[in-house]
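> Show me the folded form of this:
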Amino acid sequence: MSKIQSFFNSNSKLPYLVLFVVGALNVIAFSPFNIWFYSPVSVAILAVALTSPISTKKAFRFGFSYGLGWFATGISWVHVAIADFGGLPLPISILLLAILDAYLALFPAIACWLAVRFKSQLGHWALLPAWMLAEWLRSVLLTGFPWLSLGYSQTTSPLSGLAPVIGEIGLQAVVIILGLCTARISYCLVQNKQTRGAVFPATIVVALLSAGYALQQVSWSNNTGKQVNISLVQGNIKQSVKWQPDNEFPTMEKYLELSQSEFEFADVIIWPEAAIPRFEIIANDFLREVDQLAASTSTALVTGIVDYQPETNMAFNNLIVLGKKYREDEFGHYKYLHNNRFSKHHLLPIGEYVPFESLLRNLAPIFDLPMSSFSRGTYQQDNLIANGINLSPAICFEIAFSDQVRTNLYQGQNRSDLILTVSNDAWFGDSHGPWQHLQIAQMRALEYAMPVVRVTNNGVTVFIDERGKISEILPQFEAGALRKQLQISKAFTPYQQFGNLPVLVLLLLFTFALLLNNKKRFTEKENSRMVQPD
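Numbers count the residues shown, from 1 in each chain. Modelled structure (predicted):
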């Protein structure tokens, strides 16, 4: 047994601390740090720990330690919302964040348990299907929380060229493969002093990086000759005063004032999530005023607003369009409950809906935040149409769910021109949370080779091109407008056509091949034992 394997197989607590630190450093692979090569290195160290002769129970603890570090640093920004707006004492807010971290750490723990449990059937590659299964569970349980999925760390790497083909889920698998290959190469060169065994995994690493780089040179979209002038408005309204009744009208006036110079330039003006802090049903006069102003300047305006319906006691986190729906229109088209709107489907637990509401709401202010009891919109909805431009929307957290984004990118004549995502990241202050959120939006642009427009209350407000690059950015914590003339193109990426199906099929075939190969080896060993003379 090697010294490294002996270290991880020891009864010391030090291996758990090492894996916690390795996991904690995962944060540097994501935005705003973007040290993309660390994520496969991190996986490689975890894989080495799992190659030692350990029990499944210890493997679970290894994965939990790694995951606890990963999420303790990776989503530390959640503490800003809990501490600043949750109304809880510091020790309790830290405890709540620790519980969330521990819940998320269960998924890498499950992956490591499965990898060791099936190591005899699948060999050292067992971590790949185990990891992908655990991460799929993380993306669907309790509405899902696929934040910090390892594929997102590759938006600035040579591997980003693979995104239009295999998507973020596929990139996640590639990161695991690179990590396993790195672990194998290290074992062969450092432990066995053999270069021959390192050739095959090294070839895989070079092939994947080369394929990613080559695919970066491919253009998946064609210019249609159609262009649109878009202005994004960032109000920089403090979250602590946003929902105070005395600040409703000043906030609405501020957004309108920031937009005045944009009405003559823009075909479409976009305000962020819940930019209008007044229920739609009682903001009708203001909305009709803006509707008429936008139409008179041949403009459409998209804004976030909450629609509370007293008759049904239902509330929706909405995007609505004011002003011109089509270019040939002469008048604004807005009226209450018109169909040119989008209602958020993926609601954020605690922030937008409270599980076990009757029990938790009375426990602490964190469970009774303003706007934390929304109704869910349908999974598939029509595009917003603003001045003849088809916008495929995703409100805040929804941009992390690529399948939903793909579902709403229509084919044929009604195909989306742009992906629009709006948010209010003021909850998270000057942390790395908004930058991770931006990186997720960049991945959607890569997957679909389509520009993404991202508008937030206090940053990061940006234009993202079809290659996932930021073309224009408005500084954080500054009120202002960002304008750009966008070229509309038609994009047809393999990922848009087939989604995650090819990756799933390849993963199943690969796992089946490993099972057959290891069964064959086991049979050969048994046969060789039987023919040995006594």
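> Tell me, please, the helix or strand in the protein that averages the lowest pLDDT.
helix 357-360 (a mean of 51; mean pLDDT, DSSP states H and E).
> next structured bit after that helix?
Counting by DSSP states H and E, the next helix or strand C-terminal to helix 357-360 is strand 384-386.
> downstream neighbour of that next one in the secondary structure list?
strand 389-395.
> Can you give the contact residues for that next one?
228, 267-268, 273, 300, 302, 304, 317, 319, 342, 344, 381, 383-385, 401, 404-405, 408-410, 414-423, 444, 453, 488 (CB atoms under 8 Å, 6 or more residues apart in numbering). No exception for glycine: its C-beta is placed from N, CA and C like everyone else's.
> Now do Ser416 against Gln381, distance only.
Ser416 sits 12 Å away from Gln381, going by CB to CB, to the nearest Å.
> what about the closest residue in space to Val27 that isn't next to it in sequence, distance to Asn390?
Nearest residue to Val27, sequence neighbours excluded (CB to CB, 6 or more residues apart in numbering): Thr73, at 4.3 Å. As judged by CB to CB, Thr73 and Asn390 stand 39 Å apart.
> picking up where we left off before, with neighbour numbers in mind, choose between Ser416 and Gln381.
Ser416 (21 against 18; other CB atoms under 10 Å).
> So which elements touch the strand ranked longest in the chain?
Counting residues, the longest strand in the chain under DSSP state E turns out to be strand 221-234. Secondary-structure packing of strand 221-234 (3 or more CB pairs under 8 Å, 6 or more residues apart in numbering; DSSP states H and E): helix 248-259, strand 268-270, strand 452-456, strand 461-464, strand 480-491.
> Quick one: low-confidence residue ranges for the stretch 151-300 of the chain.
Low-confidence segments of the stretch 151-300 of the chain (pLDDT under 70): 192-193.
> One more pass at 50, please.
Judged against pLDDT under 50, the stretch 151-300 of the chain has no low-scoring part.
> do the stretch 401-534 of the chain as well
In the stretch 401-534 of the chain, residues with pLDDT under 50: 534.
> That one: helices as residue ranges?
Assigned by DSSP state H, counting those that start in this stretch, the stretch 401-534 of the chain shows helices spanning 402-407, 433-448, 494-498, 501-530.
> For the ones you listed, state which one has the densest average packing.
helix 433-448 (a mean of 25; mean count of other CB atoms under 10 Å).
> Next, the angle from it to strand 221-234.
160 degrees (axes from the mean of the first three to the mean of the last three CA atoms, to 10 degrees).
> Counting by contacts, list what helix 433-448 packs against.
By 3+ CB pairs under 8 Å, 6+ apart, helix 433-448 packs against helix 163-186, helix 402-407, strand 418-423, strand 452-456, strand 461-464, helix 494-498.
> Make JSON lines out of those and add distance to Leu258.
Formatted as JSON lines, these follow (distance: least, CB to CB, whole Å):
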{"stretch": "helix 163-186", "distance to Leu258": "34"}
{"stretch": "helix 402-407", "distance to Leu258": "28"}
{"stretch": "strand 418-423", "distance to Leu258": "15"}
{"stretch": "strand 452-456", "distance to Leu258": "12"}
{"stretch": "strand 461-464", "distance to Leu258": "12"}
{"stretch": "helix 494-498", "distance to Leu258": "35"}
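> With respect to Ser42, which of the ones you listed lies nearest?
Comparing these against Ser42 with CB to CB, the closest turns out to be helix 163-186 (7.1 Å).
> roughly how far out does the closest one sit from the chain middle?
Its chain's C-alpha centre and that of helix 163-186 lie 18 Å apart, by CA atoms, centre = their mean, to the nearest Å.
> could you measure the residue positioned nearest the centre of the chain against Arg444, distance?
The centroid of the chain falls nearest to Ala400 when counting by CA atoms, centre = their mean (3.2 Å). Remark: distance between Ala400 and Arg444 (CB to CB) = 9 Å.
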